[in-house]
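# Here is a sequence with its predicted model. Questions after.
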Amino acid sequence: MGSKIKIAIVGVGNCASALIQGIEYYRNGNPQDAVGLMHREIGGYQPEDIEVVAAFDIDQRKVGRDLSEAIFAPPNCTKVFFPQVPHKGVTVQMGHILDGYSDHMKEFPRDRVFVPSDMPPCDVVSELKKSGAKILVNYLPVGSEEASRFYAECCLQARVALINCIPVFIVSDPPWESRFREAGLPIVGDDVKSQLGATITHRVLTKLFSDRGVKMDRTYQLNTGGNTDFLNMLNRSRLKFKKVSKTEAVQSQLEVPLDAQNIHISPSDYVPWQKDNKVAFIRMEGRIFGDIPIELELRLSVEDSPNSGGVTIDAIRCCKLALDRGVSGALQGVSSYFMKHPPRQLTDVQARDMVERFISGQSESL
């Protein structure tokens with residue numbers, strides 16, 4: 001293809017930092033040694049073909065700064081694996097706060113929390129059009145329902161595709177999906193999976209139980225972390241869609257879902273010194289041959305934001321292929337493989353097959 005994939009980002013937090021660092025890391029790396037990528041090339045597009053042309057945030061330490069500086073500003077705390085990000089010539093614009101900021105953050109030190117700017121919000125639709133962005137990546141904080149729908153509406157007005165990386169149901173909500181389809185715009189979502197995170201691991205183990213004839217009786221997944229995502233989620237009212245998204249991702253791998261009292265999947269607590277490191281504890285209890293009990297316990301520790309970077313890079317390139325081909329609406333296989341709460345839940349094997357067929361230009365249908 002050879003052309004750039006022009007994207008906009010809303011929410012210049014840890015995930016945006018990891019994504020942008022990653023684009024530069026693979027631009028400067030050896031293509032034959034692309035560690036950490038599921039696909040080095042998709043439809044002729046390389047990771048370094050992604051160009052961020054617009055960015056929106058609300059934090060006074062990021063708004064008005066070049067994107068190359070803003071991604072390292074507090075309260076971002078993800079691991080810096082490519083510090084030499086060049087000047088981008090993209091100024092972070094003041095976004096619309098709406099419900100993107102939780103008041104409980106006022107109780108914590110400034111270096112850990114968002115500090116809203118008092119600048120007036122920009123005209124998002126105008127900025128999207130002026131930038132030439134073709135895709136908007138939503139990295140808003142968990143629980144930003146009103147704000148996510150606002151930016152989805154801006155996408156429709158500016159004729160920009162959407163990749164919804166957070167657990168607000170837009171791509172998996174039929175009325176929203178229909179509006180993007182009618183507008184001729186592809187969408188991918190909702191709620192990005194990590195490359196090898198707690199939910200994808202829990203899903204695979206659940207499918208393994210099912211495929212091997214093990215009766216699962218109960219399970220939990222508890223997650224701790226020290227980034228602003230975990231701090232934001234101390235306000236439990238913001239977890240409504242997050243709990244549904246993560247729980248359905250696991251339940252979908254069972255022929256008969258567990259009763260609600262026998263499954264618990266949720267962020268557990270905020271541990272400041274963990275920073276962007278996420279620790280997940282998974283426990284599964286079941287029965288094997290002869291009704292004999294079996295128990296499985298797992299601890300997973302991983303840098304949270306880079307863990308979704310490669311997934312998002314693939315989702316962006318698949319979305320650009322859809323734009324190139326005139327495909328609109330929810331990308332079913334792409335959403336199922338890369339997101340926790342897609343319009344249609346599939347096994348990861350089925351979803352991967354659909355993605356590979358989509359990339360090669362075949363029909364997504366199973």
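Structure's in. What do you need?
# Quick one: residues contacting residue 359.
39, 42, 43, 318, 321 (C-beta atoms under 8 Å, 6 or more residues apart in numbering). C-betas here are computed from N, CA, C, even on glycine.
# which of these tops the neighbour count?
Most neighbours among those, by other C-beta atoms under 10 Å: residue 318, with 27 neighbours.
# just so I have it, where are all the helices in the stretch 251-366 of the chain?
With helices called from DSSP state H, counting those that start in this stretch, the stretch 251-366 of the chain shows them at 306-325, 332-338, 348-359.
# ranking those helices by burial, who's on top?
helix 332-338 (a mean of 26; mean count of other C-beta atoms under 10 Å).
# Which elements pack onto that one?
strand 186-188, helix 306-325, helix 348-359 (3 or more C-beta pairs under 8 Å, 6 or more residues apart in numbering; DSSP states H and E).
# Of those, which is nearest residue 6?
Among the helices and strands packed on helix 332-338, helix 306-325 comes nearest to residue 6, with 9.2 Å by C-beta to C-beta.
# Could you export that closest one as CSV, CA atoms only?
This file holds the C-alpha atoms of helix 306-325, laid out as CSV (Å, rounded to 0.1, in the frame of the first residue of the first chain):
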residue,chain,number,x,y,z
PRO,A,306,2.3,-2.2,26.3
ASN,A,307,0.3,-5.4,26.7
SER,A,308,-2.5,-3.9,24.5
GLY,A,309,-0.2,-2.0,22.1
GLY,A,310,0.3,-4.7,19.6
VAL,A,311,-3.3,-5.6,19.6
THR,A,312,-4.3,-2.0,18.9
ILE,A,313,-1.7,-1.7,16.1
ASP,A,314,-3.3,-4.7,14.4
ALA,A,315,-6.8,-3.4,15.0
ILE,A,316,-5.8,0.0,13.4
ARG,A,317,-4.4,-1.7,10.3
CYS,A,318,-7.4,-3.9,9.9
CYS,A,319,-9.7,-0.9,10.2
LYS,A,320,-7.7,0.9,7.5
LEU,A,321,-8.1,-2.2,5.2
ALA,A,322,-11.8,-1.9,5.8
LEU,A,323,-11.7,1.7,4.8
ASP,A,324,-9.7,0.9,1.7
ARG,A,325,-12.2,-1.8,0.7
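# Run the angle between it and helix 348-359 for me.
Relative orientation of helix 306-325 versus helix 348-359 (axes from the mean of the first three to the mean of the last three C-alpha atoms, to 10 degrees): 40 degrees.
# so how far is helix 306-325 off the chain centroid?
11 Å (C-alpha atoms, centre = their mean, to the nearest Å).
# Which strands or helices does it pack on?
Partner elements for helix 306-325 (3+ C-beta pairs under 8 Å, 6+ apart): strand 5-10, helix 14-27, strand 50-57, strand 135-138, strand 161-164, strand 186-188, helix 332-338, helix 348-359.
# Swap in 6 Å and give it another go.
Applying 3 or more C-beta pairs under 6 Å, 6 or more residues apart in numbering; DSSP states H and E, one finds that helix 306-325 contacts helix 14-27, strand 161-164, strand 186-188, helix 332-338.
# what sits against residue 29?
Not one residue lies near residue 29 by C-beta atoms under 6 Å, 6 or more residues apart in numbering.
# any idea how far residue 37 is from it?
Note on residue 29: its distance to residue 37, by C-beta to C-beta, to the nearest Å, is 10 Å.
# just to revisit the earlier point, which of the helices and strands packed on helix 306-325 sits closest to residue 299?
Using C-beta to C-beta, the helices and strands packed on helix 306-325 put helix 14-27 closest to residue 299, at 21.8 Å.
# Could you pull out the buried residues of the closest one?
Buried residues in helix 14-27, defined by neighbour count with 16 or more other C-beta atoms under 10 Å: 14-26.
# Kindly reformat these as CSV containing distance to residue 290 and pLDDT.
Shown next, in CSV, are the buried residues of helix 14-27 (distance: C-beta to C-beta, whole Å; pLDDT from 0 to 100):
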residue, distance to residue 290, pLDDT
14, 47, 98
15, 46, 98
16, 52, 98
17, 51, 98
18, 47, 98
19, 49, 98
20, 54, 98
21, 52, 98
22, 49, 97
23, 53, 97
24, 56, 96
25, 51, 95
26, 51, 94
